[in-house]
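**Student:** fold the stuff below for me.
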Amino acid sequence: MIPGGGQPNMQQLLQQAQKMQQDLARAQEELANTEVDGQAGGGLVRATVTGSGELRALRIDPKAVDPEDTETLADLVVAAVQAANQNAQTLQQQKLGPLAQGLGGGTGIPGLPF
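**Tutor:** Have a look, this model is predicted:
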């Protein structure tokens, strides 16, 4: 039962929505500033991305470089970047999942991958 004759308090609803919006913006900023790593080839290739998925660094151990086999190196780079992006998606879900659910179940919010 809603106090006050059954009408929701619009001011209170607006304040809650504004707070959720601020929390979401804060979490997105935090993601953009947080770095996560992914690796391939037992650590021969490492990729660093932000929590929002921006590639920041790529480190290749000289042992991974074989001029006669650049395909393997390319595969390791792709795998490391994919692993880093998967870690970034996990981080996004941890940080934004609860906020998105508070905004309507996590569906239909532009820019969110879940």
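**Student:** residue boundaries of the helices in this protein?
**Tutor:** Using DSSP state H, the helices found in the chain span residues 10-33, 70-102.
**Student:** buried deepest among those helices, which one?
**Tutor:** Most buried of those, by mean neighbour count (mean count of other CB atoms under 10 Å): helix 70-102, with a mean of 17. Glycine gets a C-beta too; all of them are placed from N, C-alpha and C.
**Student:** ok, which of the helices of the chain comes nearest V45?
**Tutor:** Closest to V45 of the helices of the chain, according to CB to CB: helix 70-102, at 4.2 Å.
**Student:** show me what that closest one is packed up against.
**Tutor:** Contact here means 3 or more CB pairs under 8 Å, 6 or more residues apart in numbering; DSSP states H and E; on that basis helix 70-102 packs against helix 10-33, strand 35-40, strand 45-50, strand 55-60.
**Student:** let's check: the centremost residue of this structure is which one?
**Tutor:** Q92 (3.2 Å; CA atoms, centre = their mean).
**Student:** does that residue touch T50 like I think?
**Tutor:** No - using CB atoms under 8 Å, Q92 makes no contact with T50, being 10.3 Å away.
**Student:** okay, the nearest residue in space to D75 that is not next to it in sequence: pLDDT?
**Tutor:** Nearest residue to D75, sequence neighbours excluded (CB to CB, 6 or more residues apart in numbering): A40, at 7.8 Å. pLDDT recorded at A40 is 96.
**Student:** please consider this matter closed, and thank you.
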